[in-house]
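Asker: I need the structure of the sequence given here:
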Amino acid sequence: QNLCCDDVYGTKGSRRHFSVDTSTSKAFDRELKKKQRDNAARSRRVWRESAAANGRTDQNDDDDDIVDYEYFRQEMAYRLVDRLDDIKKAEGFPLALDIGAGLGHTYRAICSDDAFEGEGGIGGVRKMVLLDSSKEMLHADDDIPVEGSHRCEAYRLHADEEDKLPFPDGTFDLVLSSQSMHWVNDLPNLFKEVFRVLKPDGCFMFSMIGGATLEELRIALTLAELERDGGVSAHVGPFVELSDVGSLMQNAGFALPTIDIDTVKISYPSAPVLMEHLQRMGEGNASLRRRERIGVDVFLAASCIYDEMYPIESEEGRDIEASAQVIFAIGWTPHESQQKPARRGSAKHRVGEMVTEHKNQN
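Answerer: Okay, here's the model as predicted:
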């Protein structure tokens, strides 16, 4: 449902619509998100074809017209795989699943180097299933060779991350997900599905956007909307809070959860450029409580507010700063070989005794 705010805010003649959907079971419009990501993949393909036709194939070219909008996902995929590289497991993780694989950045990162021991890419991954709800995004870069693909085979599967995963129980040694789960409505169910398809002593490793992401843009749009229209609507998120991730993992049955966080800051020439990049990434607003239409005056006001509140000095002049909170987490399916806490009451020393002994030694 939509509420027409003509009379409330004195905008008769230019209809302003605000969502009044109060559903608590879902936060995101999944169909809209699929369309946004499909459009981003098509735009990427058109850009690449145009660049190739003009003899410009290097994404690092100095030409300002050549922009690879996947820079953030690519960086986060490599940071996730760096964490996988730190796990020492004799047999590695022969069979892996990538949920929300997109263009395959995680797969490319795994193929980039050999395993410490045995065969396969980083982490000992020898076969990988790339699953994504956007068919266009999943196959957008099929024609680009993957360096090191001899280390790890890949199979692409078009399926919705919110549905039951189409695999038997105990299929995979490793499940990965990089920068895709923040658009999933039912995270508890997805975590339970991941737990189901993992083998005993299997690893679930993921990165996802946290609640403190794009705070600058959220504040600028809120202030601009209050000034111009007298109301506020959802523009960014909602995203998962760091404090909720551990509970989600433990409730799904994962053992030994490990969580850390990176705060990434990126500079842009202006707020409109930032919003253009978000759109080209397929990261446009898909909240069910989003406003149906936003006037140009709100965007211009938000751009001015952003420029005044969050400026940074760069070599090219005055830019703005955007921050992203990225949550990294690792969890394991239970196995008898894993460390377990000692039985309650089995301790032989008190903490106070240990502190006293340490002081006496000094």
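
Asker: helix or strand right after the longest helix along the chain?
Answerer: For the chain, the longest helix by residue count, based on DSSP state H, is helix 30-53. Using DSSP states H and E, the helix or strand that directly follows helix 30-53 along the chain is helix 71-85.

Asker: which parts of that next one are buried?
Answerer: Of the residues in helix 71-85, those buried by neighbour count under the rule 16 or more other Cβ atoms under 10 Å are 72-81, 83-85. No exception for glycine: its C-beta is placed from N, CA and C like everyone else's.

Asker: for stretch 160-170, same thing?
Answerer: Buried, per 16+ other Cβ under 10 Å, within stretch 160-170: 161-162, 165, 167.

Asker: wait, which of those residues is closest to A27?
Answerer: Checking those against A27 with Cβ to Cβ, the nearest one is E162 at 11.9 Å.

Asker: where along the stretch 51-200 of the chain do the helices fall?
Answerer: 71-85, 105-111, 135-139, 187-197 (DSSP state H, counting those that start in this stretch).

Asker: follow-up on the earlier one: what mean pLDDT does the longest helix of the chain get?
Answerer: The average pLDDT within helix 30-53 is 88.

Asker: Tell me which stretches of the stretch 151-300 of the chain form strands.
Answerer: With DSSP state E, counting those that start in this stretch, the ranges of strands along the stretch 151-300 of the chain come out as 153-158, 172-178, 198-209, 255-268.

Asker: right, so of these, which gets closest to G102?
Answerer: strand 172-178 (8.2 Å).

Asker: Mind listing residues that contact that closest one?
Answerer: 73, 76-77, 80, 84, 92-100, 105-106, 123, 125, 129, 194, 197-199, 202-208 (Cβ atoms under 8 Å, 6 or more residues apart in numbering).

Asker: What of stretch 229-245?
Answerer: By Cβ under 8 Å, 6+ apart, the surrounding residues in contact with stretch 229-245 are 5, 8-9, 11, 16, 18-19, 27, 182, 187, 208-211, 213-214, 217-218, 221-222, 225-226, 248, 259, 261, 285, 287, 289-291, 295, 298, 325, 327, 329.

Asker: Among those residues, which ones are in helices?
Answerer: Within the contacts of stretch 229-245, residues falling in helices by DSSP H are 187, 217-218, 221-222, 225-226, 248, 298.

Asker: Pull out the buried members of the residues you listed.
Answerer: Buried, going by 16+ other Cβ under 10 Å: 187, 217, 221-222, 225, 248, 298, out of the ones in helices among the contacts of stretch 229-245.

Asker: farthest-separated two in those?
Answerer: Going by Cβ to Cβ, the pair spanning these furthest: L248 and V298, at 34.7 Å.

Asker: circling back: quick one: buried ones out of the contacts of strand 172-178?
Answerer: 73, 76-77, 80, 84, 92-100, 105-106, 123, 125, 129, 194, 197-199, 202-208.

Asker: Could I get the average pLDDT for stretch 135-154?
Answerer: Average pLDDT, stretch 135-154: 93.

Asker: Would you mind measuring the gap between the ends of it?
Answerer: 15 Å (Cα to Cα, to the nearest Å).

Asker: Counting neighbours, what do you get for V296?
Answerer: Using other Cβ atoms under 10 Å, V296 has 7 neighbouring residues.

Asker: I should have written L190 there, sorry.
Answerer: 22.

Asker: So it sits against V184, correct?
Answerer: Yes: with contact defined as Cβ atoms under 8 Å, L190 reaches V184; the gap is 5.5 Å.

Asker: Now do the shared contacts for the two.
Answerer: By Cβ under 8 Å, 6+ apart, the residues touching both L190 and V184 are 161-162.

Asker: show me what contacts I87?
Answerer: 123, 203, 330.

Asker: Look up how far I99 lies from the closest residue to the first one other than its chain neighbours.
Answerer: Excluding the flanking residues, the one nearest G123 by Cβ to Cβ, 6 or more residues apart in numbering is L84, at 4.4 Å. When Cβ to Cβ, to the nearest Å is applied, the distance between L84 and I99 equals 15 Å.

Asker: and what of R280?
Answerer: 23 Å.

Asker: And K89, by the same measure?
Answerer: Taking Cβ to Cβ, one finds K89 at 21 Å from I99.

Asker: what do you get for R42?
Answerer: 23 Å.

Asker: do L300 as well
Answerer: On the measure of Cβ to Cβ, L300 and I99 end up 39 Å apart.

Asker: What of S112?
Answerer: Distance from S112 to I99, by Cβ to Cβ: 20 Å.

Asker: S133 touches K34, doesn't it?
Answerer: Yes: using Cβ under 8 Å, S133 makes contact with K34 at a distance of 5.6 Å.

Asker: Of these two, give the one with the bigger neighbour count.
Answerer: Neighbour tally, S133 and K34, criterion other Cβ under 10 Å: the higher count belongs to S133, 23 against 20.

Asker: one step back: for the buried residues of stretch 160-170, name the two members farthest from one another.
Answerer: Distance extremes for those: the farthest pair is E162 and F167 at 15.2 Å, using Cβ to Cβ.

Asker: Give me the below-cutoff pLDDT ranges for this structure.
Answerer: 1-24, 55-66, 341, 351, 354-362 (pLDDT under 70).

Asker: report the angle between the axes of the longest strand along the chain and helix 71-85?
Answerer: Ranked by residue count under DSSP state E, the longest strand found in the chain is strand 317-332. Orientation check (axes from the mean of the first three to the mean of the last three Cα atoms, to 10 degrees): strand 317-332 against helix 71-85 gives 30 degrees.
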